[in-house]
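>>> Return atomic coordinates for the entry below.
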Amino acid sequence: MIKCLAIDDESLALQLLADNISRIPFLELVASCDDAFVANKIMQEQSIDLIFIDIQMPGITGLQFIQSLVKKPMVIIVTAYKQYALDGFALDVVDYLMKPVSLDRFMKACNKAKDLYELKLSAERGTLPKQDYMFVNVGYSLMKIQFNDITYIEGLKDYIQIHLSTSPKAAVVRMSLKGIEEELPQNFERIHKSFIVNTEKITSIRKNAVFVDDKELPVSESYKDVIEKLIK
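Below is the predicted model:
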């Protein structure tokens, strides 16, 4: 069972949230509370796997509460405010639900959390299967991307662009190159401070550049050893 905590300062919204949670067979509602300070106390006393939380609350907002957590459980935001969606996904929330939430949309968010929970358990048990894909936050949803579909990844300040062989449009994700680099398999190499390339997609190599089809990607001096390794 996934142990849950529901946080909302509106009593009716909290009651509806608790009712929805009770309908999901793999969820167990440990407690409900109407502010983040009470929630923090509960989390110190009990193990919580998943938080359902509103954004606008007195004292401290839902986003501030999520940021304050050192050991963060999975989080699903349930709010009436659409404008905070990007901020929410930047904090790696599982999903962002808009009130009023339909039961089928609620179930979809819970199923995402269940998949992540089971993946975490498998990793802890050492039984994690080799994955050929990853999920990234694109817009307001999690997008599944196959590793062999990625040609290269470009860093743009707070965002990255994941270029795909099956789509003319890159997936724009709010995360760092370093962050995604840690999740990629061994055939991906950093060749520049702003570029990671799928080495299996390289079609030709020059002294200071590699080509993925007709796209030229620069190779910086500090990553020349990567090119030497590829050639050998």
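>>> is the residue lying closest to residue 47 once chain neighbours are set aside in a bridge, and if so with what?
Nearest residue to residue 47 in three dimensions, chain neighbours excluded: residue 3, at 6.1 Å (C-beta to C-beta, 6 or more residues apart in numbering). Quick note: C-beta positions are derived from backbone N, CA and C, even for glycine. Counting by DSSP bridges, residue 3 is bridged to residue 28.
>>> hang on, residue 200 in a helix?
Yes: using DSSP: H, G, I helix; E, B strand; the rest coil, the assignment for residue 200 is a helix.
>>> care to break this structure down by domain?
For the chain, automatic domain parsing gives the domain ranges 2-125, 133-231.
>>> circling back to that earlier point, could you report the distance from the residue nearest to residue 47 to residue 67?
Taking C-beta to C-beta, to the nearest Å as the measure, residue 3 falls 22 Å from residue 67.
>>> now residue 141
Residue 141 is 22 Å from residue 67, by C-beta to C-beta.
>>> one step back: format the domains of the chain as a markdown table; extra columns: mean pLDDT and mean neighbour count.
What follows is these, written out as a markdown table (pLDDT from 0 to 100; neighbours: other C-beta atoms under 10 Å):
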| stretch | mean pLDDT | mean neighbour count |
| --- | --- | --- |
| domain 2-125 | 91 | 17 |
| domain 133-231 | 89 | 15 |
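>>> distance between the ends of stretch 19-32?
11 Å (C-alpha to C-alpha, to the nearest Å).
>>> Other residues contacting stretch 58-71?
Contact partners of stretch 58-71, identified using C-beta atoms under 8 Å, 6 or more residues apart in numbering, comprise 7, 9, 35-37, 39-40, 43, 51, 53-56, 72, 75, 77, 79, 84, 87-88, 91, 93.
>>> next one: stretch 40-48
3, 4, 5, 30, 31, 33, 65, 68, 69, 73.
>>> same deal with stretch 157-164?
136, 145, 149-154, 170-177, 180, 215.
>>> Could you check how far that stretch is from the centre of its chain?
14 Å (C-alpha atoms, centre = their mean, to the nearest Å).
>>> Dump that stretch to PDB, restricted to CA.
What follows is stretch 157-164, C-alpha atoms only, in PDB (Å, rounded to 0.1, in the frame of the first residue of the first chain):
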ATOM      1  CA  LYS A 157      20.100  27.600 -19.500                       C
ATOM      2  CA  ASP A 158      17.400  26.200 -17.300                       C
ATOM      3  CA  TYR A 159      16.000  24.000 -20.100                       C
ATOM      4  CA  ILE A 160      17.100  21.200 -22.400                       C
ATOM      5  CA  GLN A 161      15.900  20.200 -25.800                       C
ATOM      6  CA  ILE A 162      15.700  16.500 -26.500                       C
ATOM      7  CA  HIS A 163      15.900  16.000 -30.300                       C
ATOM      8  CA  LEU A 164      14.200  12.900 -31.500                       C
END
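>>> which stretches of the chain form helices?
11-22, 36-45, 62-68, 85-90, 103-125, 177-181, 224-231 (DSSP state H).
>>> Including distance to residue 204, could the ones you listed go into CSV?
Below are the helices of the chain laid out as CSV (distance: least, C-beta to C-beta, whole Å):
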stretch, distance to residue 204
helix 11-22, 55
helix 36-45, 54
helix 62-68, 45
helix 85-90, 37
helix 103-125, 38
helix 177-181, 23
helix 224-231, 11
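>>> Tell me which of the ones you listed sits nearest to residue 197.
helix 224-231 (8.9 Å; C-beta to C-beta).
>>> Do me a favour and get the backbone dihedrals for the most centrally placed residue in the chain.
What sits nearest the mean C-alpha location of the chain, by C-alpha atoms, centre = their mean, is residue 92, with 4.4 Å. Torsion angles at residue 92 (phi, psi; degrees, to the nearest 10) stand at phi 60, psi 40.
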